[in-house]
Each structure stands twice: as structure tokens, then as C-alpha cells.
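**Q** sequence and predicted structure below; questions after.
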Amino acid sequence: MKDLIKKILTKEVMLYVVFGVLTTVVNLGSFFVMNSLLKWNENLSNFIAIILAVLFAYFTNKDLVFHSQAKTFSEKLMQFGKFIAGRAFTMLIEFFGGMLLFKTPLPEIISKLLITVIVVILNFFISKFFAFKSKEK
């Protein structure tokens, strides 16, 4: 059991979790500032907060978690496109997964928690093996 935990809780996974929490702070914090302090419309505040959170997640994942090897502008652009495509894909999974789970006898918050855990795990693997996959030498 100890060996399995060591295999799962790698430095990369731990950093992914830390920056995931910070991404959530960026999302909620920027929403709060724009909506509550600046009195901006909640939909505009939410839209900008999501963009800021995704950009924060991209840069922290690229540089601090997965240590991107992309050098040229086109490689970086391709990587960014893959990251955004991956997030769009998991957003659809979260939306439609929620629609399915909300029809079960589970409480809605439990359904939301389950689909969120699935999405976070998928985002990790999409980032690691698709968006930030390093070239084989």
C-alpha cells in the first residue's frame, strides 16, 4: 500500500494539486474583486475570472508542473491550443456528466464532487500526455 501511495503521490502530482488549489483561488478571488468590490456584472466577472484561472493554470502547469520543452513560437502555440482543447473537452464532460449524475438518487453536491474529481484527474492526464508531452529523444 505504501508503495502504491508513493507511485501516485509524485512531486508532479503534488505540484499539480497545489497549483490547482491556487487556480481556484485565482478564479474565486478575481470574481470576488470584480463582482463584489468593483460592482461589475456577475456574468462578465465570471467570464473574466474563468479566463484568468485557465491562463494561470496553463502557465503554472507549463513551467512549474510539467516543465514544458517547447522552444519555438509555433511549438508554444500548439501546446497552448492543446491545453485549451483539453480544458474544453473536460468542460463538456463536466457539463454532460453533471446532467447524467443529477438524475441519480445521489445528492447534487455529491454528484458535482464526483464529476469534478473525474475532470481534475482527466485534466492532469490530458496535460501530461497531450498538451505538455515532451518529445521523445
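**A** That came through, no problem.
**Q** the residue nearest the centre of the chain: which element?
**A** The centroid of the chain falls nearest to residue 123 when counting by CA atoms, centre = their mean (5.6 Å). Here residue 123, judged by DSSP states H and E, is contained in helix 108-126.
**Q** how about residue 100?
**A** Using DSSP H and E, residue 100 falls in helix 73-101.
**Q** angle of that helix against helix 108-126?
**A** 150 degrees (axes from the mean of the first three to the mean of the last three CA atoms, to 10 degrees).
**Q** okay, buried residues for helix 73-101 please.
**A** Neighbour counts over helix 73-101 (16 or more other CB atoms under 10 Å) mark 79, 80, 82, 83, 86, 87, 90, 94, 97, 98, 101 as buried. (C-beta placed from N, C-alpha, C; glycine too.)
**Q** name the helices or strands packed onto that helix?
**A** Judged by 3 or more CB pairs under 8 Å, 6 or more residues apart in numbering; DSSP states H and E, the packing partners of helix 73-101 are helix 42-60, helix 108-126.
**Q** can you rerun that using 6 Å?
**A** Where contact means 3 or more CB pairs under 6 Å, 6 or more residues apart in numbering; DSSP states H and E, helix 73-101 is packed against helix 108-126.
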